[in-house]
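Chemist: what follows is a predicted protein model with its sequence.
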Amino acid sequence: MSRGIELQTKGDLAIETYGRPALPTSRDVLTMLFRQRRVLLIAFLLVLVGAALSRIWVPKYESQMKILVRRQRTDVIVTSSANEPSQQFNDQVSEQDLNSEVELLNSKDLLRKVAVSTGLIGKTTGLTDRDSEIKIARAVLQLAKDLKIEPLHKSNVISVSYESHDPQMTARVLSALATAYMEKHLEVHRSTGEFKFFDQQMRQYQQGLDQAQAKLTEFTNNTGVVSADLERDSALRESNEFDAAARQARSTQLETQQRIAALQAQLQSMKPRVVTVVRTLDNSQLSDNLKSTLLNLELKRTDLLRKFTPTYPLVQDIDQQIAETKKAISDEEAKPIREESSDRDPSYSWVKDELTKAQAELSGLSVRAATAGATAAQYHEAAKRLDQNGLVQQDLERAAKTQEENYLLYVHKREEARISDALDQRGILNVALAEQPIVPVLPVKSPLSVAMLTLLLAGAFSLSTAFAFDFMDPSFRTPDELANYLGAPVLAALPKPGN
């Protein structure tokens, strides 16, 4: 025997035979949708309104830029030496380098600068400082959400994209971000104030160089010394030459004195003239006269002996005259006439001339030795003075050389800093824009696809909401639900009056 039960539901009073629950059919689904038509419609409209309020239907435009991280230049090591130490260059970019650049792009101060410069914060006129800061902070947060910054896999490239409803704004924001990022990159990676420091040091050493050169010029003008070392060496050479000349003059003077003494001694033993020709001659006329006289006396004696005896006085006188005549003839023959010719002695003249020349040379050698000695002393004193001036000049030149080396060093360093600044300002950095941001022409998603997606989302949301409301409804709507709930067959089902 079957049992029966009567239940009051929101719909009908159902009494039906008990049976196993059947699977929902399309009619059951349509019936459920019909029952929850209000919920379905409200959910569908809510999705549409939410989509309208979120402006999802407004087309969005996306602009992209790509930043290449590279190592083309290394930071210059600043040293006090003109020869810079060698630097090992590594062109590998690590993951830490890429992440550092990504964090630099995401820095709040950088995004704040971009938001203010591009007008993302809107109008701030008439607002208080606090309200302006709040508006700027919100714009920065929204910008950080809209920006997509990520390093590309297995590359040295960082991709940056930005979406906006205004295509001009997307390109403007990325351009401002690139400019601010380059400035930030320079500020972080470059040593600031290098050019100013080197320029200041260069000017300081230039003044020192001018002062050192002025002192050197003043010293030259006051002392008349152009090159103290060369002039000192020249003075020493001249002093040595004059010392040698003085010694040679004194030595020659001593030799001349000895020569004069020898010449004087030799001159005293010599005669001015010498016999050059000696001739022995007989006086023939005298001899003939004496012989003629002797002959006459002998003839006269002979005549007297004829008349007188030998003792006769006249004969004796004649004998005496004959004896005297014979004696005169003997004397004449014993002493013939000697004729001698003499001339000046050339040796005596040569010795006398040499003595005269030696005496003249002696006085000249005395004067020469005294003059050479005095000149050598002057050159020696000049060399001493030039040596002292050379020490002062060397100090001045050393100071000028030091100032010049430092000046040239800092000129070189300043030029390197200037070139580095110029290269950095022209974008020749460790990072470069591989892809410039451009104004997008096509939206990210077409309006038709967005509409279709919105309708699909609204339909799915409304259906799921309707099913949820129908599932949570505790009322029995069909005999099968009642039979399943009671676990007993339903004998009969009567429609609700008025339905």
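Modeler: Arrived safely, thanks for sending. Given the structure is predicted, the values throughout are model-derived calculations rather than measurements.
Chemist: helices or strands up against whichever strand or helix holds Leu30?
Modeler: Per DSSP states H and E, Leu30 falls inside helix 26-35. When contacts are defined as 3 or more Cβ pairs under 8 Å, 6 or more residues apart in numbering; DSSP states H and E, helix 26-35 packs onto helix 447-472. Any C-beta I mention is one placed from the backbone N, CA and C, and that applies to glycine too.
Chemist: now the helix it packs on: how far from the chain's centre is it?
Modeler: 74 Å (Cα atoms, centre = their mean, to the nearest Å).
Chemist: buried stuff in it?
Modeler: 450, 454, 457-458, 461-463, 465-467, 469-470 (16 or more other Cβ atoms under 10 Å).
Chemist: that one vs helix 26-35, what angle?
Modeler: Computed by axes from the mean of the first three to the mean of the last three Cα atoms, to 10 degrees, the angle separating helix 447-472 from helix 26-35 equals 90 degrees.
Chemist: could you report the neighbour count for Lys215?
Modeler: Residues lying near Lys215 (other Cβ atoms under 10 Å) number 15.
Chemist: host element of it?
Modeler: Going by DSSP H and E, Lys215 is in helix 194-223.
Chemist: which residues of the stretch 1-150 of the chain score low on pLDDT?
Modeler: 1-25, 28, 51-58, 71-91, 124, 126 (pLDDT under 70).
Chemist: what helix or strand is Glu163 on?
Modeler: strand 157-164.
Chemist: who are the packing partners of that strand?
Modeler: strand 61-69, helix 95-105, helix 129-146, strand 147-151, helix 167-189.
Chemist: and the helix holding Leu30, how far from the chain's centre?
Modeler: With Cα atoms, centre = their mean, you get 90 Å for helix 26-35.
Chemist: stretch 110-129 too?
Modeler: With Cα atoms, centre = their mean, you get 47 Å for stretch 110-129.
Chemist: that one: end-to-end distance?
Modeler: From its first residue to its last, stretch 110-129 covers 20 Å (Cα to Cα, to the nearest Å).
Chemist: what sits up against that stretch?
Modeler: Residues outside stretch 110-129 that contact it (Cβ atoms under 8 Å, 6 or more residues apart in numbering) are 104, 131-132, 135-136, 139-140, 142-144, 147, 169, 172-173, 176-177, 180-181, 184.
Chemist: just the buried members of those residues?
Modeler: 104, 135-136, 139-140, 143, 147, 169, 172-173, 176-177, 180-181, 184.
Chemist: packing partners of the lengthiest helix in the chain?
Modeler: Counting residues, the longest helix in the chain under DSSP state H turns out to be helix 346-425. The contact analysis (3+ Cβ pairs under 8 Å, 6+ apart) places helix 346-425 against helix 194-223, helix 228-268.
Chemist: so where's the stretch 301-450 of the chain shaky on pLDDT?
Modeler: 332-345, 423-429, 444-447, 450.
Chemist: apply 90 and report the result again.
Modeler: Along the stretch 301-450 of the chain, the model assigns pLDDT under 90 to residues 301-404, 406-407, 409-450.
Chemist: what separates Leu120 from Asp97, distance-wise?
Modeler: With distances taken as Cβ to Cβ, to the nearest Å, Leu120 is found 29 Å from Asp97.
Chemist: when those two are compared, which one has more neighbours?
Modeler: Leu120 (22 against 17).
Chemist: on the three-state scheme, that one is what?
Modeler: Classification of Leu120 by DSSP: H, G, I helix; E, B strand; the rest coil places it in coil.
Chemist: got phi/psi on it?
Modeler: Phi and psi for Leu120, reported as degrees, to the nearest 10, are phi -70, psi -20.
Chemist: quick check: the gap between it and Val157.
Modeler: For Leu120, the distance to Val157 - Cβ to Cβ - is 26 Å.
Chemist: could you do Leu104 as well?
Modeler: In terms of Cβ to Cβ, Leu104 sits 15 Å off from Val157.
Chemist: what of Asp199?
Modeler: Counting by Cβ to Cβ - Asp199 and Val157 are separated by 37 Å.
Chemist: repeat for Thr170
Modeler: Going from Thr170 to Val157 by Cβ to Cβ gives 19 Å.
Chemist: what's stretch 159-179 in contact with?
Modeler: Contacts for stretch 159-179 (Cβ under 8 Å, 6+ apart): 55, 58-67, 105, 110, 113-114, 117-118, 120, 143, 146-152, 433, 436-441, 444.
Chemist: change it to 7 Å
Modeler: 58, 60-67, 105, 114, 117-118, 146-150, 152, 433, 437-440, 444 (Cβ atoms under 7 Å, 6 or more residues apart in numbering).
Chemist: just the buried residues of those residues.
Modeler: 60-67, 105, 114, 117-118, 146-147, 149, 433, 437, 440.
Chemist: A helix includes Lys271, no?
Modeler: No - in this structure, Lys271 is coil, not part of a helix, as judged by three-state DSSP.
Chemist: count of residues packed around it?
Modeler: Neighbour tally, Lys271, other Cβ under 10 Å: 11.
Chemist: identify the residue spatially nearest to Val441, adjacent ones excluded.
Modeler: Pro167 (7.3 Å; Cβ to Cβ, 6 or more residues apart in numbering).
Chemist: ok, how many other residues are close to the one you found?
Modeler: Count around Pro167 with other Cβ under 10 Å applied: 19.
Chemist: do Gly390 as well
Modeler: 20.
Chemist: what of Thr223?
Modeler: Neighbour count of Thr223, defined by other Cβ under 10 Å: 15.
Chemist: tell me the spacing between it and Leu127.
Modeler: Distance, Thr223 to Leu127, by Cβ to Cβ: 78 Å.
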